[in-house]
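Student: Everything below, folded, please.
(one chain, ligands or ions: 2)
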Amino acid sequence: GSATPAPAPAGGWDVESVAAELLRCEDQRLERPPFTDEWPDLDLDTGYAIQDLNLRTRLDRGEKLIGVKLGLTSRAKQQRMGVHFPFVAWLTDAMVLPVGDPVPQSRLIHPRVEPEIVFLMGERLEGPGVTCARAMSAVASVWGGAEVIDSRFQDFRFTAGDVAADNASSAAFVTGPVGLPPSDLDLSLEAALVEVDGVVVDSATGAAVQGHPGEALALAANDLARRGHAIEAGWIVLTGGMTDAVFVPPGTSVGFHFTHLGSVFLNGG
Ligand code: OOG
Ligand code: MG
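Tutor: Residues are numbered from 1 along each chain as shown. Ligands and ions are numbered 1, 2, ... in the order given. This next block holds a predicted model:
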């Protein structure tokens, strides 16, 4: 890619050491302060360089690249996390949660779950210059989904550079029971109700995600083009949390109920 990381601070963290520390935190269920406390120049491009290095490490250890996720595409998420622009991260097969499985608490730090509109790509989509309409023409089917996020940073406190480095708090995701061709529904009006232990605590429509989840897909294609990548046919794209995420401690049951895309249930274990 063409992203140029900030120079490493003398005697401090650099791309390699931050990447290794983030994977160590993930593997050992450790949380830590954001790196930008010590390395304020860890900006978004540097975060992406760290993210890409850890993708290579994941692939070297046998994981398969299966798609991308967007982070912070809705105002609800941006306001909660204090980072006010969207960004992209990688999905591997190790993040797929089988339908019906509980949240994998034993390997997570402080998981939260959020409802997302999910795309299965029918065609390759390459930026720059991708519009919402062009992006949607490359989608094979649309699904409801639940993403489990698990920041490696204490209290989910981070800047854009930290969270990009941390692969956008990725942990796991599950897709719902219904896949529809995109022409079958108006995604800006597709709603999700967030039900926690039998109480509806939040709701949003697809319009919460950049006005239309297809805008988020276009944004991903254009952002990835800057980094030298395309979105490939067969990839899964998580377009970003429609609402704020909810914590799922053991004993919690969460249901995300979509208008046309069915319900996705997640059990805190
Ligand atoms: C960052 C990950 C954001 C989304 O859908 O916005 C994300 C976080 O909230 O920890 O996955
Ligand atoms: Mg998400």
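
Student: from here on, contacts and neighbour counts on C-alpha atoms
Tutor: OK.

Student: any idea where the helices of the stretch 151-269 of the chain begin and end?
Tutor: Remark: helices assigned in the stretch 151-269 of the chain by DSSP state H, counting those that start in this stretch are 160-165, 213-226.

Student: Please identify the most buried of those.
Tutor: When the helices of the stretch 151-269 of the chain are scored by mean count of other C-alpha atoms under 10 Å, the highest mean neighbour count falls to helix 160-165 (a mean of 28).

Student: circling back: quick one: closest of the helices of the stretch 151-269 of the chain to Ala146.
Tutor: Ala146 lies closest, by C-alpha to C-alpha, to one member of these: helix 213-226, at 14.9 Å.

Student: hmm, who's touching the closest one?
Tutor: Where contact means C-alpha atoms under 8 Å, 6 or more residues apart in numbering, the residues beyond helix 213-226 that reach it are 1-3, 70, 73, 87-88, 117, 125-136, 187-188, 206-207, 209-210, 230-231, 237, 239-240.

Student: quick one: that helix near ligand 2?
Tutor: No. Helix 213-226 stays clear of ligand 2 (C-alpha under 5 Å from the ion), getting no nearer than 12.0 Å.

Student: out of the contacts of helix 213-226, which are buried?
Tutor: The neighbour-count criterion (16 or more other C-alpha atoms under 10 Å) marks 70, 73, 87-88, 117, 125-128, 130-132, 135-136, 187-188, 206-207, 209-210, 230-231, 237, 239-240 among the contacts of helix 213-226 as buried.

Student: For ligand 1, tell me which of the residues you listed show up nearby.
Tutor: Among the buried ones among the contacts of helix 213-226, the residues that sit close to ligand 1 (C-alpha under 6 Å from any ligand atom) are 70, 73, 240.

Student: ok, what's across the strand from Arg112?
Tutor: Per DSSP bridges, the residues bridged to Arg112 are Ile149, Phe247.

Student: Give me the distance between it and Arg61.
Tutor: 26 Å (C-alpha to C-alpha, to the nearest Å).

Student: So which of these two has more stuff around it?
Tutor: A count of neighbours by other C-alpha atoms under 10 Å puts Arg112 above the other of Arg112 and Arg61, at 21 against 9.

Student: coming back round to it: which of the ones next to ligand 1 among the buried ones among the contacts of helix 213-226 fall in strands?
Tutor: Counted as lying in strands by DSSP state E, out of these, are Leu70.

Student: Can you lay out the ones next to ligand 1 among the buried ones among the contacts of helix 213-226 as JSON lines showing pLDDT and distance to ligand 2?
Tutor: Putting those into JSON lines (pLDDT from 0 to 100; distance: C-alpha to the ion, whole Å) gives the following:
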{"residue": "Leu70", "pLDDT": "98", "distance to ligand 2": "7"}
{"residue": "Thr73", "pLDDT": "98", "distance to ligand 2": "9"}
{"residue": "Gly240", "pLDDT": "98", "distance to ligand 2": "4"}
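
Student: Quick check: of the ones next to ligand 1 among the buried ones among the contacts of helix 213-226, which lies closest to Asp93?
Tutor: Set against Asp93, the nearest of these by C-alpha to C-alpha is Leu70 (16.6 Å).
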